[in-house]
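J.: Provide a 3D model corresponding to the input given below.
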Amino acid sequence: MLKIFGTPNGRDCDGFTRRNFLQVGSLGAAGLSLPNLLAAKDQAAQEGLQIKNKSVIWVWLAGGPTHVETFDPKMTAPVEYRSITGECKTPISGVTVGGTFPEIAKCVDRMALVRSFAHGSSSHGTGTTWVMTGYNDRDNMKPSLGSIISRAKGSTDPKTGMPTYIKVGSIRSDGPGWLGARYQALSPSGKARQNMNLSVDSQRFGTRRTLLNDLDSINRQVDRSGQMEGLDGFEQQAFDLVLGSAKDAFDVKKEDPKVRERYGKGLGEQLLLAKRLCAAGAGFVNVSYGGWDMHGGIVKGLKSRARQLDQGVSALINDLTETGQLEDTLVVVTGEFGRTPRINSKGGRDHWGRLCTLAMAGGGLRMGQVIGESSRKVEVPAENPVGPQDVMATILHMYGLGHKLQFTSPQGRPTYMVEHGSPIKELI
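T.: This is a model prediction of the structure:
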């Protein structure tokens, strides 16, 4: 019988604990691609859902980025409303972005700038919940889009063991809600990820055939005991991952130094990580980049925050283009709300949910366009309003799921993930 290294008294699997069970880090190093050997059956497989092999990298600008100085500079507006950082020309005639984003500007022919995205809330918490879940759900029981994709796709990739839903940094309302803990995001810096580094004494395994036989034995005993079903969702994902082939994707130091330099430090390194995770089988990666709550001193604030965003996002889009991954990877840049159209006395902008920042790139959607238009003073959508549920519906459509996707609630009722939204017609 296979002994789990690190158990206090050398017990076999009949007496393993959840913590002991996860102490299998070096199985992945043994070259075994067995991510589903001990996995509980996924709800998605039982329901027979068909989903396209797509991924999302969701770049979250926490704090509420100014929609004016990012993707709608509106230099025709009165001086107190227009971008105070100027504008940058793009490859699309007549389309510009904010003046602190010269590298992103060069990528706009592979992007869609949505200038009519809004939900109406100027609260950090409510605005975040709206954008992440499509609902103003104060009880926070509605599942986030990433968790919905994890449920639809399966919580881990069947070939590599890579978790479907991963978060880099923390975002409010990014959880699974009533879908359950199995569909929450795995954090590379969290406890589940740390368990990947725990090890098994490989000398005690003997031959590869013996190891496989022992694992089969564990599988049968786990099924009989029911303990596998009791694993927390993110711990199950970590277990699948260490048995799979994708652990190296978490180590950006294994990337070509020239590529790492291209992305830069900070956010750039996180976006490179997200790209590697998607290439290894992740289906939805949240990347949080805060510091956008600029009630004063926007010019100075953007010099600090915009530099990493400009370098990182442009490097990501160019890298995905060059490696042929852009068609299957959708990059989304947004935040919880926009900023007041009129510059205040502190040279900043305050909370404003009536018009928000949103840009996309890739995913096999129709890029190289501006969608919607803001009013003359960049206050509200002037045409073609887009809401959070429309964004969710568009992404579900990209995955081939249809925007009327339903799952059964804990009360046993078929429940729509998106009740009122429709795919953005210009993108599909």
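
J.: who's in contact with the closest residue to C107 other than its chain neighbours?
T.: Closest residue in space to C107, ignoring its immediate chain neighbours: I317 at 4.6 Å, by C-beta to C-beta, 6 or more residues apart in numbering. For glycine as for every other residue, the C-beta is placed from the backbone atoms N, C-alpha and C. In this structure, I317 makes contact with C107, R110, M111, L326, V331, A361, G362, judged by C-beta atoms under 8 Å, 6 or more residues apart in numbering.

J.: what about the stretch 151-300 of the chain, any weak spots by pLDDT?
T.: For the stretch 151-300 of the chain, residues meeting the criterion pLDDT under 70 lie at 190-245.

J.: all helices of it, in order?
T.: Using DSSP state H, counting those that start in this stretch, the helices of the stretch 151-300 of the chain run over residues 191-194, 208-225, 233-243, 257-263, 267-279, 298-322.

J.: if I look at the residue nearest to C107, how far off is F250?
T.: Spatial separation of I317 from F250 under the definition C-beta to C-beta, to the nearest Å is 22 Å.

J.: of the contacts of I317, just say which sits nearest to S155.
T.: Distances from the contacts of I317 to S155 were compared by C-beta to C-beta; the smallest belongs to V331, at 22.9 Å.

J.: now do the contacts for that closest one.
T.: V331 sits next to V56, I57, V59, V313, L316, I317, L320, M360, A361, G362, G363 when contact means C-beta under 8 Å, 6+ apart.

J.: dump the residues you listed to JSON lines, plus distance to A382.
T.: Formatted as JSON lines, these follow (distance: C-beta to C-beta, whole Å):
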{"residue": "V56", "distance to A382": "28"}
{"residue": "I57", "distance to A382": "30"}
{"residue": "V59", "distance to A382": "26"}
{"residue": "V313", "distance to A382": "26"}
{"residue": "L316", "distance to A382": "30"}
{"residue": "I317", "distance to A382": "28"}
{"residue": "L320", "distance to A382": "32"}
{"residue": "M360", "distance to A382": "20"}
{"residue": "A361", "distance to A382": "24"}
{"residue": "G362", "distance to A382": "27"}
{"residue": "G363", "distance to A382": "26"}
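
J.: out of these, which one sits closest to G120?
T.: M360 (21.2 Å).

J.: SS state for the closest one?
T.: Classification of M360 into helix, strand or coil gives strand, according to DSSP: H, G, I helix; E, B strand; the rest coil.

J.: need the contact list for it.
T.: When contacts are counted by C-beta under 8 Å, 6+ apart, M360 is found next to M111, A112, V114, L330, V331, V332, V333, M367, L427.

J.: the residue nearest to the first one when sequence neighbours are not counted pairs with what?
T.: Counting by C-beta to C-beta, 6+ apart, M111 lies nearest to A361, which is 4.5 Å off, once chain neighbours are set aside. When bridges are assigned using DSSP bridges, the partners listed for A361 are M111, V331.

J.: I'd say E383 and S374 touch.
T.: No. In this structure E383 lies outside contact range of S374 using C-beta atoms under 8 Å: 9.1 Å.

J.: tell me which of those two has more neighbours.
T.: For E383 versus S374, the count of surrounding residues by other C-beta atoms under 10 Å is larger for S374: 23 against 11.

J.: what's the closest non-adjacent residue to the more buried one?
T.: Skipping the residues right next to it in sequence, S374 comes nearest to R115 by C-beta to C-beta, 6+ apart, at 5.1 Å.

J.: now do the contacts for that neighbour.
T.: Applying C-beta under 8 Å, 6+ apart to R115 gives the contacts H67, F71, D72, V370, I371, G372, E373, S374, P381.

J.: show me the residues you listed that map onto strands.
T.: Using DSSP state E, the subset of the contacts of R115 located in strands is V370, I371, E373, S374, P381.

J.: what about the residues you listed, which one has the most neighbours?
T.: S374 (23 neighbours).

J.: now the residue lying closest to S304 once chain neighbours are set aside. Its backbone dihedrals?
T.: Nearest non-adjacent residue to S304, counting by C-beta to C-beta, 6+ apart: G291, 7.3 Å away. Backbone torsions for G291, taken as degrees, to the nearest 10, come to phi 100, psi 20.

J.: neighbours of G291, just the number please.
T.: As a burial measure, the neighbour count of G291 was computed by other C-beta under 10 Å and equals 14.

J.: that one reaches L302, doesn't it?
T.: No. Between G291 and L302 no contact is recorded; they are 10.1 Å apart, counting by C-beta under 8 Å.

J.: what would the contacts of M360 look like in a markdown table with distance to A185?
T.: As requested, these are exported to a markdown table (distance: C-beta to C-beta, whole Å):
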| residue | distance to A185 |
| --- | --- |
| M111 | 25 |
| A112 | 25 |
| V114 | 24 |
| L330 | 17 |
| V331 | 18 |
| V332 | 15 |
| V333 | 19 |
| M367 | 27 |
| L427 | 25 |
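
J.: highest neighbour count among the residues you listed?
T.: Within those, V114 tops the neighbour count with 30 neighbours, counted by other C-beta under 10 Å.

J.: distance check, it against P381.
T.: Going from V114 to P381 by C-beta to C-beta gives 10 Å.

J.: now for the two: what residues contact both?
T.: Contact criterion C-beta under 8 Å, 6+ apart; residues bridging V114 and P381 by contacting each: G372.

J.: hang on, the earlier thing: closest to G146 among the ones in strands among the contacts of R115?
T.: Sorting the ones in strands among the contacts of R115 by how near they are to G146, with C-beta to C-beta, puts I371 at the top with 22.8 Å.
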